[in-house]
Each structure stands twice: as C-alpha cells, then as structure tokens.
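here is my input, please return the structure:
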Amino acid sequence: MFENLQERIERTFKTLRGEGSLNEWHIENALKEIRVALLEADVHFKVVKDFTNRVRERSVGQEVLTSLTPAQQVTRIVRDEIQELLGGAHVGLTLVGEPAVVMMTGLQGSGKTTTAGKLAFHLKNRGRKPLLVPCDVYRPAAIEQLRVVAEQVHVPFFDIGETRDPVSIAGAALKEARTVLYDTVILDTAGRLHVDEELMVELQSMKDEVNPSEILFVADAMTGQDAVKSAHQFDERLGLTGIVLTKMDGDARGGAALSIKSVVNRPIKLVGTGEKFADLELFHPDRMAQRILGLGDVLSLIEKVEAEVDRKEAERLAKRVSKDQFTLEDLRSQLQQVRKMGPLSQIAGMLPTMGMPKVREEDLDDKALVTMQAILDSMTRQEREHPQIINGKRKKRIARGSGTSVQDINRLMKQYLAMKKMMRRFSRGLGPRKFGKMAKGLPPELFG
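Residues are numbered from 1 along each chain as shown. Presented below is the predicted three-dimensional model:
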C-alpha cells in the first residue's frame, strides 16, 4: 500500500546521504519532497502540515546539523514522527467483562462481516471462546454470510430465529454467552452507504444495552479520506475505542492509515492484510513506520514464520539437509510451508529495502510456486524420494498430470539440483543442531 510513498522518501534520503554535512537548505528541500509524497499518498493536508513542522523543528537543531551522520539522524526523526502519526505505541484490544463484547461498526462495504470472522479466528487461536452474532438484519443475505463465515472459522454462531430487532438480538446473545460460557461476543452491526441518524440511534441503543468493552470502526483503507471522515462521525456519536483498517494489502496510497489517528484521535488496533481469515494482524505503529521508510519489519516476519511454519518439520528438514538427504519430497513440504505464509510480495514487504536494489514484481510471481507444487503433486512419492528414476517417459506423464510441459519439469529439476548443491555447500562442517538453528523455518527458495 505504501509503495509509492516509500519510493519517494527513499529517494529523498538517498540525496541526503550523498551530503557530507547538512544545513537548513538541505533539510528544507528534503521536507518539500516529503510533503509532496505525503499529499500524493492522500494524507490529510492538516496532518501533513503539522508533521513537516515537527520534523523541521527537530531537524534544524545543532544535534543533527553537527552530527557525524546527519542523514541518519534525519531518517530517525522522520521515522519517529511517522510512528507518532500512526499512534505512537501499540494499543491492544481491551476485552473486559463476562463476556467481553466487541461491536463491529462501519459503513456498508467496509468489510465488517469478514473482519468479524477474522477477529473471531484471531481470538480463538489465542485461547478465547468467541460467539459471532448477526445484528445486520437489513442487508440481504448478511445473516447467512456471517453464518457461513462462522462455519469456516469453526466458531459458534448465534441463531436469531425470527427476531429482527438488532438491540434485542444483542441482548439475547449476551445472555446466551453467559449461560454457555462464551468469553467474547462479537456483534456484526448494520452499515449504510452513508452515515444517517437512524443507524446512529440504533447503534447507540445497542451500546446502552450491552455495554461493549470495544467499539471498533472498520474502515476500508482503499477509500482514503472518506474513511477518515466517516470514522470521525461514528466517534462523535458512539465514542469509538479503536480502528480496524481493511485491505491494507491493496494498491491504495495509504493516506487513511496515516491520517486517521491524528484526525479521529483513536488508535488503529488491527489491520487486514489479505483475504484469508488468518490475515488479520495487531497494528504496531513502530513496525509500520519502519516499513514505510524501507527499514523492514523483521519482527512481524519472524512472528509470521513462527505462526505458520511447522517447527518439527523445520527441524526434520535441517537434519536431512545436514546429511545431504534433501529430496523433492522435502521441497514439496517446504513449498507448502511457504505458501501458508501468504503472497511473496507480502513477505518481501517486510524485508529492509533502504539502500538496496528494489525487488521486481516479476521476481515475486506466486504462480511459479503454484506450478512447482502442481508438478511435485503429480509425481509419485517414489519419484519425489528418488528423483534419479525420473526419465523421459515419466516426465511426459507428470507433465500431463500437472498441466505443464516437459520443459517446466526440466526447469524444476535444474532448480532442485542447484538448491541441493547450495545446501550441501552451506551445511558442510555444521552439525544438525547448529545448522538447524540457522535454517529453522527457512524455505529452500531462500538458499538459491
């Protein structure tokens, strides 16, 4: 989402790094570029003005201008101010009460229902017992959509029967949760295309009925400043406790994310980063600021690896590699691990890029992984364990079964042999335990 902004800021800092020392002229020109970059990213103009004023005030001090590494000092200041723009420190969910109640609010089409399912999945994986409650009785198929989502994430769904009063539904769900001992009630409330009085009165009544510990506004990050304006209106009437930004993996310019905290003065608590139910992350302003500046987000990458990668499988692979026993069966297993982590572009976005050549989009083709997986799935287990038996006749059969060509299979075999050779060279002289610590969780693609 922040790709264009990141490129503009990186170019600005590259210019600063070329200077042996800085003066106010350098800083003013850098700020001009950053101001343009932020405005192009659809950041609210008042937020841009306050941001550049704060950076200027901190940057023209003697501590920066007389520093041995002034460009690094300016980079640090900009990083700190972007972090402050995004909220400063991480603010987690406040789940208090027996049960804790979470109201999901927002305009129609912002992704409330899907996000409610993602939140339920997120909480379930952390040991809580959520109940999904359909309070949107107006939108056609909204109730059924939430029922399907609940089935997909394996979370209980509150059956409202013939009731069509959202406030009564919320109250009844709260009573059932206390009876059945669900510790979290997630209310999927109704939305409108625009904020209207009828909706606000209904949500206020629901709030009074269930006393929620969290009132989250779900904002579509693709809508830019419209999302900020709507969040402000909801906050004035309901008193929001936090923001959830959806579609952060999209190609919008990112202005909503950079403006919403300053304008609404409510923390961003969660962000949707993909279409899968697992693609909901806690929001960390410091990590996002580093990603915007091309400094990477290694902590989030480590957390993603730990969450998705099978530790026992990683240790098994490490032992096999150290003994030079890496086969196509191992490659197939590792491909499955890599694909669980999400799109390659999302993973690459967490790696530092400042001062490094930019990874091209064509080099992150997820379709290549799909093709490799199809070829490996079309092989017999014996062929994957003993690739040397794959002759021309077998290649033709594998190509027919995978919808690929013999050339694709030859290319995969060549990549596999190069990978195995690289692993053999890398692991030479290392015991399984030592190599395991270095290689745990890393997919084979990262070695070559």
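
helix, strand or coil: sort out the residue of the chain positioned farthest from its centre for me.
Relative to the centre of the chain, the most outlying C-alpha is that of K393, 44.2 Å out, by CA atoms, centre = their mean. Secondary structure, DSSP: H, G, I helix; E, B strand; the rest coil: K393 is helix.

state the pLDDT value of it.
If you check K393, the pLDDT there is 92.

what of E63?
For E63, the predicted pLDDT is 61.

what's around A318, how many residues?
If you count neighbours by other CB atoms under 10 Å, A318 ends up with 23. For the C-beta atoms, the positions are set from N, CA and C on the backbone; glycine is no exception.

phi, psi of it?
phi -60, psi -40 (degrees, to the nearest 10).

what's the answer for A278, then?
The phi/psi pair for A278 (degrees, to the nearest 10) reads phi -80, psi -10.

isn't it right up against L119?
No. If you go by CB atoms under 8 Å, A278 and L119 don't touch, sitting 11.7 Å apart.

can you show me the strands along this structure?
Ranges of strands within the chain are 100-105, 130-134, 184-188, 214-220, 242-246, 268-272, 280-282, based on DSSP state E.

I'd like the ones you listed laid out as CSV, including distance to M422 and mean pLDDT.
Formatted as CSV, these follow (distance: least, CB to CB, whole Å; pLDDT from 0 to 100):
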stretch, distance to M422, mean pLDDT
strand 100-105, 48, 95
strand 130-134, 45, 96
strand 184-188, 47, 96
strand 214-220, 43, 92
strand 242-246, 40, 91
strand 268-272, 36, 91
strand 280-282, 32, 89
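
export those strands as JSON lines, with columns for distance to M413 and mean neighbour count.
Shown next, in JSON lines, are these (distance: least, CB to CB, whole Å; neighbours: other CB atoms under 10 Å):
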{"stretch": "strand 100-105", "distance to M413": "50", "mean neighbour count": "26"}
{"stretch": "strand 130-134", "distance to M413": "47", "mean neighbour count": "27"}
{"stretch": "strand 184-188", "distance to M413": "49", "mean neighbour count": "28"}
{"stretch": "strand 214-220", "distance to M413": "45", "mean neighbour count": "25"}
{"stretch": "strand 242-246", "distance to M413": "42", "mean neighbour count": "26"}
{"stretch": "strand 268-272", "distance to M413": "39", "mean neighbour count": "23"}
{"stretch": "strand 280-282", "distance to M413": "37", "mean neighbour count": "18"}
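
wait, I186 touches H122, no?
No. Applying CB under 8 Å as the test, I186 and H122 come out as separate, 10.4 Å apart.

tell me which of A278 and L119 has more neighbours.
L119 (28 against 18).

so what's the more buried one up against?
V102, M104, P130, I186, V244, L270, L280 (CB atoms under 8 Å, 6 or more residues apart in numbering).

centre-most residue in this protein?
T273 (3.4 Å).

I figured that residue hits V244, correct?
No. If you go by CB under 8 Å, T273 and V244 don't touch, sitting 11.6 Å apart.

re the thing from before, can I get the contacts of L119 in JSON lines with distance to R76?
Shown next, in JSON lines, are those (distance: CB to CB, whole Å):
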{"residue": "V102", "distance to R76": "36"}
{"residue": "M104", "distance to R76": "37"}
{"residue": "P130", "distance to R76": "40"}
{"residue": "I186", "distance to R76": "40"}
{"residue": "V244", "distance to R76": "30"}
{"residue": "L270", "distance to R76": "27"}
{"residue": "L280", "distance to R76": "30"}
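
could you identify the most distant pair in those?
Distance extremes for the contacts of L119: the farthest pair is P130 and V244 at 15.2 Å, using CB to CB.

now the residue nearest to E33 when sequence neighbours are not counted: how far from Y416?
Once flanking residues are discounted, E33 sits nearest to T12: 4.4 Å by CB to CB, 6 or more residues apart in numbering. According to CB to CB, to the nearest Å, T12 stands 43 Å off from Y416.

hang on, R35 packs against T52?
Yes. At 5.2 Å, R35 and T52 qualify as touching, with contact defined as CB under 8 Å.

S405 reaches I398, doesn't it?
No. S405 is beyond contact range of I398, at 10.2 Å (criterion: CB under 8 Å).

who has more neighbours, these two?
More neighbours surround I398 than the other of S405 and I398, with 23 against 13 (other CB under 10 Å).

count of neighbours near the spatially closest residue to that one that is not a sequence neighbour?
For I398, ignoring the flanking residues on the chain, the nearest one in space by CB to CB, 6+ apart is S378 at 4.8 Å. For S378, the neighbour count with other CB under 10 Å is 17.
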